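> Here is the input, now give the coordinates:
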Amino acid sequence: MLHRFYSYLLKNQVILALFLIAAGWLLLQTRGIITSIFIAYIINAALLPVVKYLRNKKVPHFFAVLIPYIGIAIVVFLIIFPLVPFLIDQVKALLGGLPSYIKQAADVSGLTVDATQIQSYVTREVNSIGSNAFSVTSKVFGGLFSTLTVLVVSFYLILYHERFKENIAHLFHKNDRERVLSTLSLIDEKLGAWLTGQVLLSLFIGVITWAALSIIGFPYALPLGILAGILEIVPTIGPILSAIPAIVVALTVSPPLAIIIALIYFGIQMIENNVLVPKIMQRAVGLNPVLVIVAVMIGANLLGVLGALLAVPFVSFLIVLFNGLSEE
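Below you'll find the model as predicted:
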């Protein structure tokens, strides 16, 4: 079915050009929906090994799918939510003092900055944070409704995973269906390994950054640790961006402290790059650093921060798909 459609398009170049334009326009108009589905698919891929483990333990299929979601909900409500009010206060205090920190750091470095513009920008950001946990949580997850939608879609993707794969395979010629199923399984493995690895790396970077800053008595250790954990998802440039606020704050105390903070961040990244990434991310798709940077820039331009975060798994998805379907 699908291969006949491809053959028809290739033989009719005008129709092919119109089809590509229409497909591009449709993708642009529905990019928000497609992004949500892609996130749901990544979650589905990451939870599949847990579901398969529970199924091997004779847990009924529905409950094997439901249990991981219940576990995630318990972690969120018992661990993450109680930290939100304290984190709000810390973030607001950091943002509120940031203009003076930047001004002092610039003076130490011999630079000139416009403190008025910085103060105006930071004030807007502080006011936009909100005063309660629900508001902040909504901003972080892009809205409660969108979050629930993604979780529900991922739940049904796992619940009917095998049927979903079979339906996709039947769009291809019967001689290609085995290869399609194999490619879909490889995509599940790679995307699941990416998300699992990124969660572990982000947790490690966030916790060790918070611990290191707390040990030396550095202010705002918790929000800086969380920032480091979140930006860990953005490859190459994320760790650099996470270190900037800490170094700016340190410069207001003394240049030697700023050097110590920079060394702490550098040491953490050395441990990650030489120990953790080879161990944790060995099953994930490896990409050329230049390709990663270009993908992140394009993703950020199209979808902002979310696009930058999803750029690497999306490119990995495309590469696995192309390699799997192009094999003879």
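> contacts, neighbours, all on C-alpha from now
Noted.
> Now do Gly316 against Arg31, distance only.
Just to correct that, residue 316 is Ser rather than Gly. According to Cα to Cα, to the nearest Å, Ser316 and Arg31 sit 18 Å apart.
> out of the two, which sits in the busier spot?
Ser316 (20 against 14; other Cα atoms under 10 Å).
> what about the more buried one, helix or strand, and which?
helix 289-326 (DSSP states H and E).
> list the helices and strands that helix packs on?
Here helix 289-326 touches helix 177-215, going by 3 or more Cα pairs under 8 Å, 6 or more residues apart in numbering; DSSP states H and E.
> C-terminal to the helix it packs on, what's the next element?
helix 221-231.
> what angle sits between that following helix and helix 289-326?
40 degrees (axes from the mean of the first three to the mean of the last three Cα atoms, to 10 degrees).
> And the strands in the stretch 51-200 of the chain?
Assigned by DSSP state E, counting those that start in this stretch, the stretch 51-200 of the chain shows no strands.
> in it, which ranges drop under the pLDDT threshold?
Residues of the stretch 51-200 of the chain meeting the criterion pLDDT under 70: 79-145.
> 80 instead?
Low-confidence segments of the stretch 51-200 of the chain (pLDDT under 80): 75-148, 171-174, 176-177.
> what about the residue lying closest to Pro239 once chain neighbours are set aside, neighbour count?
Nearest residue to Pro239, sequence neighbours excluded (Cα to Cα, 6 or more residues apart in numbering): Glu232, at 5.8 Å. Around Glu232 there are 26 other residues, counting by other Cα under 10 Å.
> isn't Glu232 right up against Gly238?
Yes - counting by Cα atoms under 8 Å, Glu232 touches Gly238, with 5.5 Å between them.
> circling back: rounded mean pLDDT for the helix holding Ser316, please.
For helix 289-326, mean pLDDT rounds to 76.
> Then stretch 22-37?
76.
> what's the angle from the helix holding Ser316 to helix 177-215?
Angle of helix 289-326 versus helix 177-215, following the same axes, to 10 degrees, is 150 degrees.
> got the buried residues for helix 289-326?
Using 16 or more other Cα atoms under 10 Å as the test for burial, helix 289-326 gives 292-293, 295-297, 299-300, 303, 305, 307-317, 320-321, 324.
> what does stretch 155-164 give?
Going by neighbour count (16+ other Cα under 10 Å), the buried part of stretch 155-164 is Phe155, Leu157, Ile158, Leu159, His161.
> Spatially nearest residue to the third one (excluding sequence neighbours)?
In space, and not counting its chain neighbours, Ile158 is closest to Asn44: 5.6 Å by Cα to Cα, 6+ apart.
> Next up, identify which helix or strand that neighbour is on.
Assigned by DSSP H and E, Asn44 falls within helix 31-56.
> what's the angle from that helix to helix 177-215?
Using the same axes, to 10 degrees: helix 31-56 against helix 177-215 is 90 degrees.
> by contact count, what packs against helix 31-56?
By 3+ Cα pairs under 8 Å, 6+ apart, helix 31-56 packs against helix 61-75, helix 144-159, helix 177-215.
> Deepest in the core, which of these is it.
Neighbour counts (mean count of other Cα atoms under 10 Å) averaged over each of the helices and strands packed on helix 31-56 peak at helix 177-215, with a mean of 19.
> what helices or strands is it leaning on?
Against helix 177-215 (3+ Cα pairs under 8 Å, 6+ apart) you get helix 31-56, helix 161-169, helix 221-231, helix 255-271, helix 277-280, helix 289-326.
> In this structure the residue nearest to Ile158 contacts Val152, no?
No - with contact defined as Cα under 8 Å, Asn44 does not reach Val152; the gap is 10.4 Å.
> re the thing from before, dump the helices and strands packed on helix 177-215 into JSON lines; add distance to Ser146 as well.
Shown next, in JSON lines, are the helices and strands packed on helix 177-215 (distance: least, Cα to Cα, whole Å):
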{"stretch": "helix 31-56", "distance to Ser146": "8"}
{"stretch": "helix 161-169", "distance to Ser146": "22"}
{"stretch": "helix 221-231", "distance to Ser146": "19"}
{"stretch": "helix 255-271", "distance to Ser146": "33"}
{"stretch": "helix 277-280", "distance to Ser146": "29"}
{"stretch": "helix 289-326", "distance to Ser146": "13"}
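> and Ala64, which of those is closest to it?
For those, the distance to Ala64 is smallest for helix 31-56, at 5.3 Å, taking Cα to Cα.
> buried ones in the closest one?
The neighbour-count check on helix 31-56 (16+ other Cα under 10 Å) flags 35-48, 51, 54-55 as buried.
> what's the closest of the buried residues of stretch 155-164 to Asn274?
Of those, the one sitting nearest to Asn274 (Cα to Cα) turns out to be Ile158, at 34.1 Å.
> so what's the closest one up against?
Asn44, Leu47, Leu48, Val65 (Cα atoms under 8 Å, 6 or more residues apart in numbering).
> repeat for Ala250
Ala250 makes contact with Leu257, Ala258, Ile261 under the criterion Cα under 8 Å, 6+ apart.
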